[in-house]
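Trainee: Okay, sequence plus prediction incoming.
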Amino acid sequence: MAAPPSTRPLKIIAGADSFGCTLKDTLVSHLRSLNIDVEDLGTSSYYTIAAEVGRRVSSSSTTPTNETRGLVACGTGVGVGIFANKFPGVFAATCLNSGEAQNARSINNSNVLAVSGMSTSPESAIEILNTWLNTPFKSPCPASEFKPWPEEIESFLDNSVTEMSKIGPESSKDPKPSDSCALCCIAKNREFETIEMIPGGSMKIVRESPTSAIVRFTAGSVEPAHHHTFGHDLVVLKGSKRVWNLSKSEKYDLDVGDYLFTPAGDVHRVKYFEDTEFFITWDGQWDMFFDEDLDAAKDAIEKESTM
């Protein structure tokens, strides 16, 4: 059960991409029905809108008499959370149920809520939002079995928020400014597993069901035409690739920062022009069904390049 509403005046900065805009509009209407001040930034690409919400929350001054939080939505809720979190003092959490919202507020003092436009009903999203709004930091939550946190845990939580707020700002003591994003740091010290079905590929699962992963392919690698039982979102972190959506007779050239959504069942072929790394997320467990072999894929790509 959610804690009583906070008495602190609250402002919400909201935004979404095209996959999350309908759910965002529903939640904005709900917030306004509660007489909460909302600045709706509208709809844009998920990385642009999430970064703007994160920037504004980061730059807002939160005091005992005023608080600014953020609300972001995309297809899965994952991408917008990642990009909002690139700003110091922003603690964005993707929540698919009210228990996760309660944990995010109690443990992480989350100040940006990320929701999934494709996986969350309006009714569930309102319940998630209400819980997130009304749960104070360090309050009893599912993770504490709804019991008050012990004193040593409360102390740990206080210190963790203090330490997190130091992540991001440039420091004069650091002789080499970091050129890596938070997602790259997640991957840096993790072991990637070879994708046996496709030479040159490797993968690191970051989260299971809904699943997120970081995938790498060496230059020249080819993914033969294949399809999945799930739709998937991807963002290129490094390198470049070409994707042929054979079901739609469309072709996409993707570079660093580019985003692509491929619907479930769409047959697609991929060529990597250089060492490439991308973040991908999808619903359910990973699967892959081939519609051609590797030699046929290479022949088709070669034939196109000579036309």
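Mentor: Thanks, I have the structure now. Numbering: from 1, shown residues only.

Trainee: distance of R105 from L96?
Mentor: Distance, R105 to L96, by Cβ to Cβ, to the nearest Å: 15 Å. Heads up, the C-betas are built off the backbone N, CA and C, glycines and all.

Trainee: Could you check which of these two is surrounded by more residues?
Mentor: With neighbours defined as other Cβ atoms under 10 Å, R105 and L96 compare such that R105 has more, 27 against 18.

Trainee: State the helix or strand in which that one lies.
Mentor: Per DSSP states H and E: R105 is located in helix 98-108.

Trainee: Could you point out the helix or strand that follows that helix?
Mentor: Next along from helix 98-108, by DSSP H and E: strand 112-116.

Trainee: which residues in the stretch 201-307 of the chain form strands?
Mentor: For the stretch 201-307 of the chain, applying DSSP state E, counting those that start in this stretch gives strands covering 201-207, 211-217, 222-227, 232-238, 241-245, 250-254, 259-262, 268-272, 276-282, 289-290.

Trainee: Q102 contacts T131, doesn't it?
Mentor: Yes. Here Q102 reaches T131: they are 5.3 Å apart, a contact under Cβ atoms under 8 Å.

Trainee: re earlier: turn the strands of the stretch 201-307 of the chain into TSV, columns for mean pLDDT and distance to F19.
Mentor: Shown next, in TSV, are the strands of the stretch 201-307 of the chain (pLDDT from 0 to 100; distance: least, Cβ to Cβ, whole Å):
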stretch	mean pLDDT	distance to F19
strand 201-207	86	19
strand 211-217	90	16
strand 222-227	94	20
strand 232-238	93	8
strand 241-245	96	17
strand 250-254	95	17
strand 259-262	94	8
strand 268-272	96	19
strand 276-282	92	12
strand 289-290	90	24
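
Trainee: Which one of the ones you listed lies nearest to D299?
Mentor: Evaluated over the strands of the stretch 201-307 of the chain, closeness to D299 peaks at strand 222-227, with 10.4 Å, by Cβ to Cβ.

Trainee: Paired strands for the closest one, with orientation please.
Mentor: If you go by DSSP bridges, strand 222-227 pairs up with strand 268-272 (antiparallel), strand 289-290 (antiparallel).

Trainee: so of these, which one's packed in deepest?
Mentor: Mean neighbour counts were taken over those using mean count of other Cβ atoms under 10 Å, and the top value, a mean of 21, falls to strand 268-272.

Trainee: Report the residue spans of the protein with pLDDT below the cut-off.
Mentor: 1-9, 61-65, 161-190, 209 (pLDDT under 70).

Trainee: for it, what spans make up the helices?
Mentor: 21-33, 46-59, 78-84, 98-108, 122-134, 151-164, 182-188, 294-305 (DSSP state H).

Trainee: roughly how far apart are the nearest residue to E127 once chain neighbours are set aside and A104?
Mentor: For E127, ignoring the flanking residues on the chain, the nearest one in space by Cβ to Cβ, 6 or more residues apart in numbering is S98 at 5.0 Å. Between S98 and A104 the computed distance is 10 Å (Cβ to Cβ).

Trainee: of the two, who's got more company?
Mentor: Neighbour totals were compared for S98 and A104, and A104 leads with 26 against 21 (other Cβ under 10 Å).

Trainee: Between the two ends of stretch 147-155, what distance do you get?
Mentor: 16 Å (Cα to Cα, to the nearest Å).

Trainee: Distance from the chain centre to it, please.
Mentor: 29 Å (Cα atoms, centre = their mean, to the nearest Å).

Trainee: Domain-wise, how is the protein divided?
Mentor: Listed domain ranges for the chain are 10-164, 183-305 (source: automatic domain parsing).

Trainee: Single out the most deeply packed of those domains.
Mentor: Most buried among the domains of the chain, given mean count of other Cβ under 10 Å as the contact rule, is domain 10-164, at a mean of 19.

Trainee: Could you pull up phi and psi at K86?
Mentor: Reported as degrees, to the nearest 10, the phi and psi values for K86 are phi -80, psi 0.

Trainee: That one and E52: what is the separation?
Mentor: Taking Cβ to Cβ, one finds K86 at 11 Å from E52.

Trainee: do the same with S110
Mentor: Taking Cβ to Cβ, one finds S110 at 18 Å from E52.

Trainee: Quick check: closest non-adjacent residue to G99.
Mentor: P142 (4.5 Å).

Trainee: my bad, should have said S124
Mentor: N97 is the one closest to S124 (Cβ to Cβ, 6+ apart), at 7.1 Å.

Trainee: cool, and I12?
Mentor: V38 (4.9 Å).
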